[in-house]
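1. What shape does this take:
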Amino acid sequence: MATVNKTIPAKKKNKDSLFNRINKWLHLWLGLISGVIVLIVCITGCIWVFNEEITGLLEPETKIEKQDKSVITPSQLSAIAFKLYPEKIPSYAQYQQGRAISLNLRGKKDEGRRGGGTSLKINPYTGEVISKVVHKKGEVDFFRFILNGHRFLWLPYAIGRPIVNYATMIFVVLLITGLIWWYPKKWNKSTRDKSFKIKWGASFKRVNLDLHNVLGFYSLIFLLFIALTGMVYGIKWYSEGLYWVTSGGDKLGDFQRLESDSLAVGKFYTPQKAMDLAWQKVIRRHPKSQGFYYNFPDTSKAKATINITVYPNTGQFYNNQGYTFDQHTLKEFKREGVYSIAYEEAGFGGKLRKMNYDIHVGSILGFPGKVMAFLASLIGASLPITGFLIWYGRKFKKKAVKRPF
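-> Numbers count the residues shown, from 1 in each chain. Below you'll find the predicted structure:
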């Protein structure tokens, strides 16, 4: 009797290595977990990139042509504010070449992160008040609303901030795992077309896949820079570790709080005189700077100081220089730490840290850099959407019913 040998079909082997399977699993599930957060952070980042330019367009009355004369001094600003709001005190003033001075006032009830306040726009040459805006407690303008979403998802700060920070870290992992998944096993004309071109005439699923893979690849390096610099602001161990690595082992150090000599109250200068003398000292050192941030001392607090930050270039912050003065004696304090050293004199780690914000928003390359940051963030916002559609289509697609012959 003949024996019939039945051939058992071999199970289809998974061609992916263990590494690739883990990589794909991480990319999928980390993307699903963090997708909504990444979408919000990227969209708000897109809008924030051009906040100065948009604000300037919406407030054409604040554009002031440069004149060959001195701008009004801090004490004059203080006097203007006192006439209008005697119950409030100046908090800070932003001088920017070609723009009206932005003066912020605070009263006794305007305390805390969202305590309110009053904003004045003042002609830097004539002292004319161009506009007055009084903010109620808890009220924020459009761009502050956008920034709050970008930084802590409009949640309580202590809750939303860590969520954004660690979702950004997950996003970095997603970019790396996405690159590994994108990389073709073999390079030929077909894989090159799939990797670098979007087939616009194909089906929706194919176009969506191309948008995720191709745009993700082209924006990868920009999104990495944006994400890595963003984490500096919220993850302390990462910020300190990055500086330690880039500076060759230096410690970042804590924020230094400087105080005026409370025993010298009224012995040397009046508050108004001290404000202007400190201002003149800094102006003489930086006559060609494009902007200044003047932090008024709270004269009701004897230990408060005068703080002035100089911005040599319009729209850039990396080479700013800060100064702190005793409000009673005008003694100039020696600041310590990475931010106290001038950009030109800083080492690699110090320069990188000073450039962090400009890299984050793209302004390190000027306006073209901002455009690139905007487009990269826009693509970053699209990746969770296109990625979800890819997963949903594969997971829940209807299986074709096989008909018998």
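
2. This structure: helices as residue ranges?
-> Using DSSP state H, the helices of the chain run over 18-49, 51-58, 74-84, 142-152, 157-182, 189-196, 204-230, 236-246, 271-285, 348-354, 356-361, 366-396.

3. Pick the most buried one from these.
-> Comparing those on average neighbours per residue, with mean count of other CB atoms under 10 Å, the densest one is helix 356-361 at a mean of 21. Placement of C-beta: from N, CA and C, glycine included.

4. Go ahead and name everything in contact with that one.
-> The contact list for helix 356-361 (CB atoms under 8 Å, 6 or more residues apart in numbering) reads 48-49, 225-226, 229-230, 232, 316-318, 363-364, 370, 373.

5. Most widely separated two among those residues?
-> Pairwise distances across the contacts of helix 356-361 peak at 18.9 Å for 232 and 370 (criterion: CB to CB).

6. can you pull the pLDDT of residue 140?
-> Residue 140 is assigned a predicted lDDT (pLDDT) of 82.

7. correction: residue 271
-> Value for residue 271, per-residue pLDDT: 85.

8. Run a quick neighbour tally on the nearest residue to residue 67 once chain neighbours are set aside.
-> Using CB to CB, 6 or more residues apart in numbering and skipping residues adjacent in sequence, the residue nearest residue 67 is residue 125, 5.3 Å away. By other CB atoms under 10 Å, the residues close to residue 125 number 17.

9. what sits against residue 125?
-> 64, 67, 69, 71-72.

10. Name the nearest of these relative to residue 38.
-> Looking across these and measuring by CB to CB, the closest to residue 38 is residue 64, at 40.0 Å.

11. you'd agree that closest one is up against residue 124?
-> Yes - contact criterion CB atoms under 8 Å: residue 64 and residue 124 qualify, at 6.2 Å.

12. overlap in contacts of those two?
-> Residues within reach of residue 64 and of residue 124 at once, by CB under 8 Å, 6+ apart, are residue 100.

13. how is this protein carved up into domains?
-> When the chain is parsed with the TED database, its domains come out as 18-57+152-251+363-394, 65-124+261-335.

14. any idea of the mean pLDDT in stretch 314-329?
-> Per-residue scores along stretch 314-329 average to 92.

15. typo on my end, stretch 104-120
-> Average pLDDT, stretch 104-120: 75.

16. now swap in stretch 145-163 and tell me
-> Stretch 145-163 comes out at a mean pLDDT of 95.

17. Over to that stretch now: how far is its first residue from its last?
-> 18 Å (CA to CA, to the nearest Å).

18. And stretch 84-97, by the same measure?
-> End-to-end distance for stretch 84-97, by CA to CA: 25 Å.

19. now that stretch, how far from the centre of its chain.
-> Its chain's C-alpha centre and that of stretch 84-97 lie 25 Å apart, by CA atoms, centre = their mean, to the nearest Å.

20. contact partners of it?
-> Counting by CB under 8 Å, 6+ apart, 66, 71, 74, 77-78, 81, 101-108, 110, 117-118, 120, 124, 129, 132, 290-296, 298-300, 314 sit against stretch 84-97.

21. Keep only those of those that are in strands.
-> Mapping the contacts of stretch 84-97 onto strands (DSSP state E) picks out 101-106, 117-118, 120, 129, 132, 291-295.

22. Among those, which one lies nearest to residue 260?
-> For those, the residue nearest residue 260 by CB to CB is residue 295; the value is 12.8 Å.

23. State the mean pLDDT of stretch 229-243.
-> 95.

24. so how far is it off the chain centroid?
-> Counting by CA atoms, centre = their mean, stretch 229-243 comes out at 13 Å from the chain centroid.

25. residues in contact with it?
-> Stretch 229-243 is contacted from outside by 151, 161-162, 164-166, 168-169, 172, 228, 250-252, 338, 349, 353, 356-357, 359-360, using CB under 8 Å, 6+ apart.

26. Report the separation between the two terminal residues of that stretch.
-> Stretch 229-243: ends 12 Å apart by CA to CA.

27. same check, this time on stretch 145-159
-> With CA to CA as the measure, stretch 145-159 spans 17 Å from end to end.

28. starting at the chain centroid, how far to it?
-> That offset, for stretch 145-159, works out to 13 Å (CA atoms, centre = their mean).

29. Quick one: residues in contact with stretch 281-297.
-> Here stretch 281-297 has contacts from 74, 78, 89-97, 260, 271, 274-275, 279, 304-314, 321, 323, 325, 327, 330, 332, using CB under 8 Å, 6+ apart.
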